[in-house]
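S.K.: how would this look folded up:
(one chain, ligands or ions: 1)
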Amino acid sequence: MKELAGKHIVLGLTGGIACYKSAELCRLLIKAGAVVQVVMTSAAEQFITPITMQALSQRPVALSQWDAREANNMAHINLTRQADACLIAPCSADFIAKLAQGRADDLLSLMCLARPIDKVPLLIAPAMNREMWSHPTTRRHLAQVAQDGAVVLGVGCGEQACGESGDGRMLEPQELLDELIALFQPKVLAGQKVLVTAGPTYEAIDPVRGITNLSSGKMGFAIARAAREAGADVTLVAGPVSLASPYGVQRVNVRSASDMLQAVIQRVDDASIFIATAAVADWRAAQASDQKIKKDGSGQTPQLSFVENPDILATVAQSPRGQSRALFCVGFAAESHDLQANAQAKRLRKGVPLLVGNIGPATFGQDDNALLLVDESGAHELARDDKLTLARKLIANIADRIQARG
Ligand code: C5P
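M.R.: Here you go, the predicted model:
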């Protein structure tokens, strides 16, 4: 999916070892469909060559405010007039200080100051040594820059090029790409706290065996990502899946339905929206064995008995909080036939205002899906599309419902 098709991004590089990651970032932006104009400070040129960045961006890199090739000799103005966003990555402590003070003695700082502040968002991805990052001067400058309207992205924690370890690493290129993509999504869930369950659960029979199902978690993860892009604070309670966490989403890993119920109950009082996409196992072994059940060669099979798992969605939806206006609950149903009738019956049984039906075999493990939104007044289809596009449409639909009920 060309997420940034038609977007014009100015990518600014300042001096820092993280410049090597900006090459990969530039590649990702181009792959996502963006037009990328790179601007580098002379300090950045110490770390990576403009030739590399030109080859990756397919455009000459802008380097100097004195470059006479620009017809009007005003590169600092021209650079942002077509731009949809400026991203400074890496953004050094020195450059943050310049932004905070409105200094403009090189092309990039001039350009930042001369950008139309209401039309062209400025994102900065700080990168520096941990002591520089925590220094009161840097904190003060960052607060000032944020107050002046820039989006200050987070930093990673870990080993630094200097050999020390701590906060101050530049975010990874993929994370920066996700931040840019999120920037262009409407913030329809700003201020909301969303709790999502996703993936299958695993119910142990003994220490090496268990029952589970083929849910990949992709739909739930896409919903968590779309909710975060829409400005919500998102917690994702995930069963055993190998998917990477969406950037900026708080993830809680669980295994069994009982673990999932506990994780949800601990967090739901804080949530304003609960979206249950998990394919929770219906049953678990009545008595999971502490030791591996051995095959003794007699041909006899173990006699297993099962008990029903708690219904997490119904428990939440039918609790006092679920019945109040403080929490909006959404359920999912994977059916094999009669989608609308089954989904409507399930909606009433669970006690939720909105139930999203899909055909199980057509969604498990797939990258695309089709959804049927069932509520008290009927059904509305979201036609087959990739799961992230569907997730964004579902989030927009949920936002409309929350707004309509006031
Ligand atoms: O009853 P069924 O499993 O078809 O219901 C599906 C919906 O209920 C999904 O939203 C699923 O996440 C939720 N569910 C649950 N706990 C269960 C079973 C289902 O939260 N034990």
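S.K.: residues contacting residue 250?
M.R.: Residue 250 is in contact with 234-236, counting by C-beta atoms under 8 Å, 6 or more residues apart in numbering. Every C-beta, even on glycine, is put in place using the N, C-alpha and C of the backbone.
S.K.: dump those residues to TSV, plus pLDDT and secondary structure.
M.R.: Output for these, formatted as TSV (pLDDT from 0 to 100; DSSP: H, G, I helix; E, B strand; the rest coil):
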residue	pLDDT	secondary structure
234	98	strand
235	98	strand
236	98	strand
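S.K.: which of the residues you listed lies closest to residue 395?
M.R.: residue 234 (10.4 Å; C-beta to C-beta).
S.K.: show me the contacts for that closest one.
M.R.: Contacts of residue 234 (C-beta under 8 Å, 6+ apart): 193-196, 224, 227-228, 246, 248-250.
S.K.: could you list the domains of this protein?
M.R.: Using automatic domain parsing, the domain parsing of the chain gives 8-183, 193-292+300-405.
S.K.: for residue 104, which non-adjacent residue is spatially closest?
M.R.: Among residues not flanking residue 104 along the chain, residue 110 sits closest, at 4.3 Å (C-beta to C-beta, 6 or more residues apart in numbering).
S.K.: would you verify that the one you found is located in a helix?
M.R.: Yes. Looking at residue 110 with DSSP: H, G, I helix; E, B strand; the rest coil, it is inside a helix.
S.K.: neighbours of it, how many?
M.R.: By other C-beta atoms under 10 Å, 19 other residues sit near residue 110.
S.K.: wait, it sits on residue 76?
M.R.: Yes. Counting by C-beta atoms under 8 Å, residue 110 does reach residue 76; the two are 3.8 Å apart.
S.K.: mind listing the shared neighbours of the two?
M.R.: 65, 104.
S.K.: any idea which element residue 261 lies in?
M.R.: Using DSSP states H and E, residue 261 maps to helix 257-268.
S.K.: the helix or strand just after that helix near the ligand anywhere?
M.R.: As assigned by DSSP H and E, the chain's next helix or strand after helix 257-268 is strand 273-276. Yes. Counting by C-beta under 6 Å from any ligand atom, contacts between strand 273-276 and the ligand involve residue 276.
S.K.: show me what whichever helix or strand comes after strand 273-276 is packed up against.
M.R.: Using DSSP H and E, the next helix or strand after strand 273-276 towards the C-terminus is strand 283-285. If you count contacts as 3 or more C-beta pairs under 8 Å, 6 or more residues apart in numbering; DSSP states H and E, strand 283-285 packs onto strand 203-206, strand 209-211, strand 306-308.
S.K.: does any bit of the first one sit next to the ligand?
M.R.: So the one you mean is strand 203-206. No. Applying C-beta under 6 Å from any ligand atom, one finds strand 203-206 separated from the ligand by no less than 10.8 Å.
S.K.: ok now the biggest helix by length in the chain, how far from the chain's centre?
M.R.: Longest helix in the chain by number of residues (criterion: DSSP state H): helix 387-405. Distance, stretch centre to chain centre, for helix 387-405: 16 Å (C-alpha atoms, centre = their mean, to the nearest Å).
S.K.: now do it: which elements does it pack against?
M.R.: helix 218-229, strand 273-276, strand 328-335, strand 354-359, strand 368-375, strand 378-386.
S.K.: residues of the stretch 151-300 of the chain that sit close to the ligand?
M.R.: 197, 257, 276-278, 280.
S.K.: now the one helix or strand in the chain whose mean pLDDT sits lowest: buried residues?
M.R.: Least confident helix or strand of the chain, by mean pLDDT, DSSP states H and E, is helix 360-363 with a mean of 76. Neighbour-count burial for helix 360-363 flags 360, 363 (criterion: 16 or more other C-beta atoms under 10 Å).
S.K.: same for that helix, what does it pack against?
M.R.: strand 328-335, strand 368-375.
S.K.: how about it as PDB, C-alpha atoms only?
M.R.: Provided in PDB are the C-alpha atoms of helix 360-363 (Å, rounded to 0.1, in the frame of the first residue of the first chain):
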ATOM      1  CA  GLY A 360     -13.800 -17.000   9.400                       C
ATOM      2  CA  PRO A 361     -12.000 -18.900   6.700                       C
ATOM      3  CA  ALA A 362     -11.800 -15.800   4.500                       C
ATOM      4  CA  THR A 363     -10.000 -13.800   7.200                       C
END
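S.K.: any residues touching that helix, and which ones?
M.R.: 219, 334-336, 369-370.
S.K.: out of the contacts of residue 234, which is nearest to residue 171?
M.R.: residue 248 (10.3 Å).
S.K.: residue 398 and residue 329 touch, don't they?
M.R.: No. Under the criterion of C-beta under 8 Å, residue 398 is not in contact with residue 329, lying 10.4 Å apart.
S.K.: how about the residues of the stretch 301-406 of the chain by the ligand?
M.R.: Residues of the stretch 301-406 of the chain lying near the ligand by C-beta under 6 Å from any ligand atom: 309-313, 331-333, 346.
S.K.: list buried residues within those.
M.R.: By 16+ other C-beta under 10 Å, these give 309, 311-313, 331-333, 346 as buried.
S.K.: among those, show me the least confident.
M.R.: Across those, the bottom pLDDT score, 93, is held by residue 333.
S.K.: for that residue, name its beta-bridge partners.
M.R.: residue 357 (DSSP bridges).
S.K.: what sits against it?
M.R.: Residue 333 sits in contact with 339, 342-343, 346, 355-358, where contact means C-beta under 8 Å, 6+ apart.
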